[in-house]
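1. have a look at this fold, sequence not included:
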């Protein structure tokens, strides 16, 4: 569907009841406007020229409408959900918020205080350091989205009106709608009446570029007060190719993930070199984005080298077990058979597929490939995409327990500071 002003509205029907959901989608985010993420978060603390923040929440409540706003590096979404009969009033109230959000300096101080605490907690979390800071640095180096943030001092010196103006200005940029509900024509008519914007919407600002580094066999270490050590081995592979999706799925199921996988059985169960281990072939989220081979080990500090050697050995010589492969293959077929994509997820799956250049339900292609796939087929994929690959290594652990001389056999160890990783 299209509004009278040419703005697109995608539609998925709810054939069951009157529950509805409407999204306003801007295909830009913090890559395009660095401070938009803070403006979106600050909005939750604000009232408008007509309502206080508390009164505003009550107005949405009286309508039976949930109002949410979210953003990431490439998209901003405003969302209302509730009964279709209340959606027009909900849209009008949401438009009022976007156009009339009002600065509150006391609320800005509260927001910054909460942001400071959140950032502090992030830097104290082992999981965030490993899977956020360290992994991002291995992938991107210094020029990463994770480090492309405004420091707290900069935000303290920012006039909150600047952030509110970013919100006010959003409807002037290109955007689109997605509606999930019973009656698209009714919602279209309401949106045409309520959503009044310029006929000449602005293009998005140019997005910042963050390029993935080529794998070069680097070794990084981050100090953290912990008993064990955790290790990532990461390789940047080929760009996304749907032709290898079925094999990638079988690699994960048979070789790399789960208690029955080759990696877990060999490294933990047979050799007792790690309390946890996995290997994942992760495909790129977009057509021009690379796949990654991600390996994880959780082990004792004095077993790091042995554990790394063991998983590298497996990555160069995949053990073959026909029965285990068949169990994994049948398990994947059953999983696809049982999977149901319903409601709003129909649209979001379509969006995800579109970024990968896919215009159909690609699960059918994967399912048909899995039906005839053999262990030899997987071995062929393994030899092409896995064997002989170089890996960057990231280790988190207590430096008092780490044998750096032994670890340096893989390469010179570069120690990274948590504050540097997150750039807060």
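-> Sure, I can see it. Predicted, not measured: the structure shown is a model, and the values here were computed from it.
2. wait, residue 191 touches residue 9, no?
-> Yes. Under the criterion of C-beta atoms under 8 Å, residue 191 makes contact with residue 9 at 6.8 Å. For every residue, glycine as well, the C-beta is placed using N, CA and C.
3. higher neighbour count, these two?
-> Neighbours were counted for residue 191 and for residue 9 using other C-beta atoms under 10 Å; residue 191 has more, 23 against 20.
4. quick revisit: list the residues that contact both of residue 191 and residue 9?
-> Both residue 191 and residue 9 are contacted by 3, 177, under the criterion C-beta atoms under 8 Å, 6 or more residues apart in numbering.
5. low-confidence ranges, the protein, go.
-> Within the chain, no range satisfies pLDDT under 70.
6. can you pull out the strands in the stretch 251-400 of the chain?
-> For the stretch 251-400 of the chain, the strands defined by DSSP state E, counting those that start in this stretch occupy 276-282, 290-299, 392-397.
7. can you tell me what sits against stretch 77-90?
-> 18-26, 60, 63-71, 91, 94, 98, 181-183, 186-187, 190, 193-194.
8. what residues sit buried inside it?
-> 77-84, 86-90 (16 or more other C-beta atoms under 10 Å).
9. and those as JSON lines, adding distance to residue 40?
-> What follows is the buried residues of stretch 77-90, written out as JSON lines (distance: C-beta to C-beta, whole Å):
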{"residue": "77", "distance to residue 40": "10"}
{"residue": "78", "distance to residue 40": "9"}
{"residue": "79", "distance to residue 40": "12"}
{"residue": "80", "distance to residue 40": "15"}
{"residue": "81", "distance to residue 40": "18"}
{"residue": "82", "distance to residue 40": "21"}
{"residue": "83", "distance to residue 40": "26"}
{"residue": "84", "distance to residue 40": "26"}
{"residue": "86", "distance to residue 40": "24"}
{"residue": "87", "distance to residue 40": "22"}
{"residue": "88", "distance to residue 40": "24"}
{"residue": "89", "distance to residue 40": "23"}
{"residue": "90", "distance to residue 40": "19"}
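10. among those residues, which are in helices?
-> Mapping these onto helices (DSSP state H) picks out 87, 88, 89, 90.
11. identify, from those, the entry nearest to residue 393.
-> Relative to residue 393, the closest of those is residue 90; by C-beta to C-beta it sits at 50.6 Å.
12. the helices in the stretch 201-350 of the chain, which residues?
-> Assigned by DSSP state H, counting those that start in this stretch, the stretch 201-350 of the chain shows helices spanning 245-250, 262-264, 304-315, 322-338, 345-355.
13. closest to residue 172 out of these?
-> Nearest to residue 172, of the helices of the stretch 201-350 of the chain and by C-beta to C-beta, is helix 345-355 at 23.4 Å.
14. could you say what helices and strands the closest one packs with?
-> Applying 3 or more C-beta pairs under 8 Å, 6 or more residues apart in numbering; DSSP states H and E, we find helix 345-355 packed against strand 9-13.
15. and the angle for the strand it packs on with helix 345-355?
-> 130 degrees (axes from the mean of the first three to the mean of the last three C-alpha atoms, to 10 degrees).
16. contacts for strand 9-13?
-> 1-3, 176-182, 184, 187-188, 191, 343-344, 346-347.
17. among those, which are located in strands?
-> 176, 177, 178, 179, 180, 181 (DSSP state E).
18. which one of those residues sits closest to residue 231?
-> residue 178 (41.0 Å).
19. residues touching the residue nearest to residue 318 when sequence neighbours are not counted, list them.
-> Leaving aside its chain neighbours, residue 318 sits nearest to residue 382 (4.8 Å; criterion: C-beta to C-beta, 6 or more residues apart in numbering). Each residue near residue 382 by C-beta under 8 Å, 6+ apart is listed here: 251, 255, 318.
20. please tell me I have it right and the second one contacts residue 317.
-> No. Counting by C-beta under 8 Å, residue 255 stays clear of residue 317, with 11.4 Å between them.
21. please say which of these two ends up with more neighbours.
-> Each of residue 255 and residue 317 had its neighbours counted (other C-beta under 10 Å), and the higher figure belongs to residue 255 (27 against 11).
22. the nearest residue in space to the more buried one that is not next to it in sequence and residue 232, how far apart?
-> Counting by C-beta to C-beta, 6+ apart, residue 255 lies nearest to residue 262, which is 4.8 Å off, once chain neighbours are set aside. According to C-beta to C-beta, to the nearest Å, residue 262 and residue 232 sit 19 Å apart.
23. wait, what's in contact with the closest residue to residue 327 other than its chain neighbours?
-> Spatially, and ignoring its direct neighbours in sequence, residue 327 is nearest to residue 260 (7.3 Å; C-beta to C-beta, 6+ apart). Shown in contact with residue 260 (C-beta under 8 Å, 6+ apart): 324, 327, 328.
24. report how many residues lie close to the residue nearest to residue 255.
-> 21.
25. pretty sure it is touching residue 254, no?
-> Yes. Residue 262 is in contact with residue 254 according to C-beta under 8 Å; the separation is 6.7 Å.
26. show me which helix runs longest in the protein.
-> Max-length helix for the chain by DSSP H is helix 105-124.
27. pull out the buried residues from that one.
-> Buried positions in helix 105-124, judged by neighbour count with 16+ other C-beta under 10 Å: 107, 108, 111, 112, 115, 122.
28. beyond it, next helix or strand please.
-> Next in sequence after helix 105-124, counting helices and strands by DSSP states H and E, comes helix 126-128.
29. next helix or strand past that following helix?
-> According to DSSP H and E, the helix or strand after helix 126-128 is helix 135-140.
30. quick one: distance of that following helix to the chain centre.
-> 14 Å (C-alpha atoms, centre = their mean, to the nearest Å).
31. what's that helix in contact with?
-> Outside helix 135-140, the residues within contact range by C-beta under 8 Å, 6+ apart are 144-147, 210-213, 218, 220, 232, 234, 236, 292, 392, 394, 416, 421.
32. let's see it at 7 Å
-> With C-beta atoms under 7 Å, 6 or more residues apart in numbering as the test, helix 135-140 has contacts from 144, 146, 210, 212, 213, 220, 232, 234, 392, 394, 416, 421.
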